[in-house]
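*Asks:* Need coordinates for the following:
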Amino acid sequence: MSRILFATSEAHPLMKTGGLADVAGSLPRALKSLREDVRLLMPAYPDAIARAQHVKTATRFDIAGYAITLLETRLPGTQVKTWLVDCPALFDRPGNPYLNADGEPWIDNAERFHVLCRVAVEVACDRAGLDWRADLVHCNDWQTGLVPAFLQGEADRPATVFTIHNLAYQGLFPYEKFVSLHLPPAMWTHHQLEFHGQLSFIKGGLVFADRLNTVSPTYAKEIQSPEFGNGLDGLLRHRSTALNGILNGINGDEWNPNRDEHTAAPFNANTLTGKTTNKLALQSAFGLVQNSKPALIGNVGRMVEQKGVDLVVQALPQLLAHPVQVVILGSGATIYEDALTELARQYPKQLAVKIGYDEKLAHLLEAGSDMFLMPSRFEPCGLNQLYSLRYGTLPIVRRVGGLADTVIDASPSNLVSGEATGFVFDKATKDALLTCTERAIKCFGDQKLWRRMQRTAMRQDHSWRHSAHEYVSLYTLAMQAAKSKQKA
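*Replies:* Sure, this is the predicted structure:
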């Protein structure tokens, strides 16, 4: 058993903006089931405090000029001890943890997450008055990137793992922030925290962590290329021997079609009749004609270029020439929200769009759709295609990142062997997306074939059980690497 401090800026259900929260809300629980002594550390946002139960004060101390109170609770629904970093000057703000009401980054984000990193170091090194010391700190994304950099100078330090959930977000700040945070001057070099004249939080993790990983094997390879490396591909190639990919899992209790409280009827791989009930309920919820015969294509997510929503906008007029219905749930860039809303006005019998996010509706969309559209330009892992597989909603995806690792294309050979679980295309173009979707619609016309593909998809195991074992192995490698460095 190892003592693991899991440091994150968000964790479901305390705070969620994306996939990081899903991982932070599920992986520690899976590690706990493997008898690892895992503790979670994250900021005490107002929403997090409100959603936590049985909160008590664990300790108080000062760090970087701020008074810190560590609140102790459990990650809801688990036995994972959780410490919330209560610092009202930095974290007592409603809504999004990174952006203000205008959608702009909080002006003091550097200070906010610098303090989170400093607190993580104090906790990990048993200087926070908790009588607990970490063997390893698992850091996640740029918000915790300075932790490995700070621990590098500690005697008998814990090992570090740094997970890249999305390399596009790097925590970049002007040089003045480097100075005002009183970071060691020696770290202002392109070999450490400097990146094209800016302070880079993520480089703290990429340069100093004992082991690096990202959330799918294919993305681990992609980010070592200029196309996906966001300017850091050279550094990642340099550290390639310490970098690997571990697929995210999904919460099998929360996403289970046989007992999902958000859906209209239960179903499973053996009894798929409930899926038709959900399809009719989804059509009703979106104001479409209830009819089980046409293929119903769903999409839920952020309306941003990364997710390929521009390709969806371009393809919809031709796609809707087919006897299909399309339902879309999400929000994002105004240009895409407006374009999709206008298309829904033009095609009211076939296309319905809801701007915003609704957890219940997201579950119903997964349960009631026949296909799930996910044409991402890049996708570190992706979770919606995993939910879709579990719900027999066959994904239509681009061959990138975790999508490439989890969806088996309905090629002629894969159809014959019975391995196909979805539809995959290569180029990020409207024509490639249309051709792939038309293949899916054609397969949908053969209901015997379709049912076989659905059952194959639903029997895939994408739980956290396997991934958690891989993380335990990664932690062992990191601790071995840390010992070797300290002996050198």
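
*Asks:* what about residue 345, distance to residue 339?
*Replies:* According to C-beta to C-beta, to the nearest Å, residue 345 stands 11 Å off from residue 339. C-beta: built from backbone N, CA, C; applies to glycine.

*Asks:* Please apply the same query to residue 437.
*Replies:* Distance from residue 437 to residue 339, counting by C-beta to C-beta: 18 Å.

*Asks:* So which of the two has more stuff around it?
*Replies:* Set residue 437 next to residue 339 and count neighbours by other C-beta atoms under 10 Å: residue 437 wins out with 25 against 19.

*Asks:* Which elements pack onto the longest helix that the chain contains?
*Replies:* In the chain, with assignment by DSSP state H, the single longest helix is helix 464-487. Judged by 3 or more C-beta pairs under 8 Å, 6 or more residues apart in numbering; DSSP states H and E, helix 464-487 is in contact with helix 19-33, strand 136-140, strand 159-164, strand 211-214.

*Asks:* pLDDT on it, on average?
*Replies:* For helix 464-487, mean pLDDT rounds to 93.

*Asks:* Name the helix or strand for residue 402, please.
*Replies:* Using DSSP states H and E, the element containing residue 402 is helix 401-406.

*Asks:* so where's the chain uncertain?
*Replies:* For the chain, applying pLDDT under 70 flags the ranges 488.

*Asks:* how is it carved up into domains?
*Replies:* Taking automatic domain parsing as the criterion, the chain consists of the domains 3-249+465-487, 273-461.

*Asks:* Could I get the full set of strands for the stretch 1-150 of the chain?
*Replies:* Secondary structure of the stretch 1-150 of the chain (DSSP state E, counting those that start in this stretch): strands located at 3-7, 37-43, 56-63, 66-74, 81-86, 136-140.

*Asks:* and what of the stretch 201-350 of the chain?
*Replies:* For the stretch 201-350 of the chain, applying DSSP E, counting those that start in this stretch gives strands covering 211-214, 243-245, 295-303, 324-332.

*Asks:* which non-adjacent residue is nearest residue 243?
*Replies:* Spatial nearest neighbour of residue 243, chain neighbours left out: residue 212 (4.4 Å); criterion: C-beta to C-beta, 6 or more residues apart in numbering.

*Asks:* Hmm, I typed the wrong one, I wanted residue 8.
*Replies:* Nearest residue to residue 8, sequence neighbours excluded (C-beta to C-beta, 6+ apart): residue 24, at 4.2 Å.

*Asks:* With residue 100 instead?
*Replies:* residue 106 (5.7 Å).

*Asks:* who's in contact with the one you found?
*Replies:* 93, 98-100, 112 (C-beta atoms under 8 Å, 6 or more residues apart in numbering).

*Asks:* next one: residue 130
*Replies:* Contacts of residue 130 (C-beta under 8 Å, 6+ apart): 58-59, 70, 83, 123.

*Asks:* same thing but 7 Å
*Replies:* Applying C-beta atoms under 7 Å, 6 or more residues apart in numbering to residue 130 gives the contacts 58-59, 123.

*Asks:* So which of the residues you listed is the closest to residue 358?
*Replies:* residue 58 (35.3 Å; C-beta to C-beta).

*Asks:* Would you mind measuring from the nearest residue to that closest one once chain neighbours are set aside to residue 50?
*Replies:* Nearest non-adjacent residue to residue 58, counting by C-beta to C-beta, 6+ apart: residue 72, 3.9 Å away. To residue 50, residue 72 is 16 Å away according to C-beta to C-beta.
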